[in-house]
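Chemist: Pasted the sequence and its predicted model underneath.
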Amino acid sequence: MNSTVRVAERVRVGNYRWSICALLFFATTINYVDRQVIGLLKPTLQTEFGWTEIDYSNIVFAFQVAYAVGLLFIGRIIDRFSVRKGFSLAVVVWSLAAMGHAIARSVFGFEFARFMLGLGESANFPASIKTVAEWHPRKERALATGIFNAGSNVGIIVAALIVPRVTASYGWQWAFVATGALGFAWLIAWATLYSPPEKHSALSAAELAHIRSDAEVSEKPVPWVSIIGHRQTWAFAIGKMLTDPIWWVYLFWIPDFLNRTYGISLSQIDVPLITIYLLADVGSVGGGWISSTLIRRGWSVNRGRKTAMLVSALAVIPVVFAARASSLTMAVLLIGLAAAAHQGWSANIFTLASDMFPRRAVGSVVGFGGMFGAIGGMVIAKVVGYILEWTGSYVPIFILAGSAYLIALLAIHLLAPTLEPAAVEPQR
């Protein structure tokens with residue numbers, strides 16, 4: 001009987017908000033298709049242009065610099081104007097930049113293309129997290145975040161399927177052009193289907209009431225100094241700075257690791273990468289599901305989120321053995337488990353911003369924290385480049401990857417022991 005009542009209530013409320021979540025999922029998928037191409041083509045481009053490991057790390061570094069700069073401003077822009085306009089402009093910029101790689105012929109040319117790509121792509125997560133905060137009550141946000149964040153894994157899988165085939169048939173230039181063009185198809189769907197909840201004709205009054213079921217302190221803008229001055233902001237930012245770089249390592253160096261350790265060529269890379277990122281998809285949705293389920297069962301937000309993050313942090317640790325794995329299968333499974341754990345972690349750390357801050361400040365907080373994540377990515381790009389140039393070994397890199405999350409969780413807990421909401425004053 002209770003199950004029947006719950007089903008009837010869901011039917012009455014409606015589910016259009018999940019259609020918006022689907023749009024975010026596809027945007028994130030395209031975002032990661034575009035950023036993954038360079039990692040897949042690293043051995044090909046390194047052979048054609050004679051790049052050293054330092055050259056490649058500089059190209060990755062250019063992306064991270066732009067990503068950090070973009071995150072410094074984009075969240076604030078989205079908070080002040082609108083998700084609809086800001087997200088649209090960002091997709092145009094990153095799609096053109098992705099296609100622009102096709103005309104690069106030097107390290108500087110690729111650095112410029114990566115810089116512009118990073119600048120545009122920096123909007124994806126602040127815009128998506130803010131959209132989730134606008135379209136979902138707090139108890140659904142980790143699950144919604146996990147769903148759209150799963151697009152990052154799907155994007156890598158799509159890239160692994162498209163890039164080798166396009167490269168083999170038409171050349172590496174067309175791999176950049178074909179994947180970059182996907183963003184323009186998404187823009188049509190976004191312009192057609194998205195409006196704010198209060199203005200959306202497809203949204204029922206019952207579903208709008210469900211979306212707005214959480215108490216909200218203010219919808220007015222908040223000043224930067226008010227955000228930066230809170231421990232909650234730094235809990236989010238430090239957590240991102242310590243763990244985001246590990247994902248960049250997987251994204252930009254795993255194809256190279258598989259190539260130099262197991263001789264996996266571009267034409268053979270699809271199965272290992274698909275395995276890794278299918279596991280990561282399970283982790284993304286599962287990590288959000290764990291905390292959302294615990295909270296629905298009466299756990300506090302603090303206990304539910306941190307329990308899910310602890311599970312993720314512990315699941316990453318075995319990746320320290322990946323560089324010395326006895327077989328390709330074992331290495332892929334260890335990296336896949338770590339990627340799944342990272343995505344489970346990511347679904348929950350992103351949701352911390354909307355747990356601790358009012359909706360009007362979420363874009364700014366995510367942008368600020370994401371900027372610190374990108375700074376960490378800048379550091380890791382140079383560190384990995386020099387480690388590989390000097391030692392040729394991935395062992396130190398995987399040790400760093402396995403230890404980062406427990407350190408980050410400790411820092412978050414010390415700065416925000418109860419995930420108490422920040423007392424942010426509205427801007428006058």
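Modeler: Here it is on my side, so go on. Small disclaimer: the values here were computed from a predicted structure and weren't measured. Residues are numbered from 1 along each chain as shown.
Chemist: switch to C-alpha atoms for all contacts and neighbour counts from now on
Modeler: Fine.
Chemist: How far off centre is the helix or strand that contains Val362?
Modeler: Counting by DSSP states H and E, the element that carries Val362 is helix 359-391. Computed by Cα atoms, centre = their mean, to the nearest Å, the chain-centroid distance of helix 359-391 equals 12 Å.
Chemist: after that helix, next one along is what?
Modeler: Scanning forward in sequence from helix 359-391, with DSSP H and E defining helices and strands, the next element found is helix 395-415.
Chemist: Alpha carbons only: can I get that following helix in PDB?
Modeler: In PDB, the C-alpha atoms belonging to helix 395-415 read as follows (Å, rounded to 0.1, in the frame of the first residue of the first chain):
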ATOM      1  CA  VAL A 395      54.600   4.200 -10.100                       C
ATOM      2  CA  PRO A 396      54.900   7.600  -8.300                       C
ATOM      3  CA  ILE A 397      51.900   8.900 -10.200                       C
ATOM      4  CA  PHE A 398      49.600   6.100  -9.100                       C
ATOM      5  CA  ILE A 399      50.800   6.500  -5.500                       C
ATOM      6  CA  LEU A 400      49.800  10.100  -5.600                       C
ATOM      7  CA  ALA A 401      46.400   9.100  -7.000                       C
ATOM      8  CA  GLY A 402      45.700   6.500  -4.300                       C
ATOM      9  CA  SER A 403      46.400   8.800  -1.400                       C
ATOM     10  CA  ALA A 404      44.800  12.100  -2.400                       C
ATOM     11  CA  TYR A 405      41.200  11.400  -1.400                       C
ATOM     12  CA  LEU A 406      41.600  10.500   2.200                       C
ATOM     13  CA  ILE A 407      43.700  13.600   2.700                       C
ATOM     14  CA  ALA A 408      41.000  15.700   1.000                       C
ATOM     15  CA  LEU A 409      38.200  14.200   3.100                       C
ATOM     16  CA  LEU A 410      40.100  15.000   6.300                       C
ATOM     17  CA  ALA A 411      40.500  18.600   5.100                       C
ATOM     18  CA  ILE A 412      36.800  18.900   4.300                       C
ATOM     19  CA  HIS A 413      35.800  17.500   7.700                       C
ATOM     20  CA  LEU A 414      38.100  19.900   9.600                       C
ATOM     21  CA  LEU A 415      36.800  22.900   7.700                       C
END
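Chemist: Tell me what angle it forms with helix 359-391.
Modeler: With axes from the mean of the first three to the mean of the last three Cα atoms, to 10 degrees defining the directions, helix 395-415 sits at 150 degrees from helix 359-391.
Chemist: Which residues does helix 395-415 contact?
Modeler: Identification of contacts with helix 395-415 by Cα atoms under 8 Å, 6 or more residues apart in numbering yields 231-232, 234-236, 238-239, 242-243, 246, 306, 309-310, 313-314, 316-324, 384, 387.
Chemist: List the residues that contact Asn66.
Modeler: Not Asn; residue 66 is Ala. Neighbour list for Ala66: Phe115, Met116, Leu117, Gly118, Leu119, Ser122 [criterion: Cα under 8 Å, 6+ apart].
Chemist: Low-confidence bits of this protein, can you list those?
Modeler: When residues are selected by pLDDT under 70, those of the chain lie in 1-11, 75, 215-225, 363, 425-428.
Chemist: ok, 80 please
Modeler: For the chain, the stretches flagged by pLDDT under 80 are 1-13, 71-81, 138-139, 142, 146, 201, 213-226, 359-364, 366-367, 423-428.
Chemist: Perfect, that will be all.
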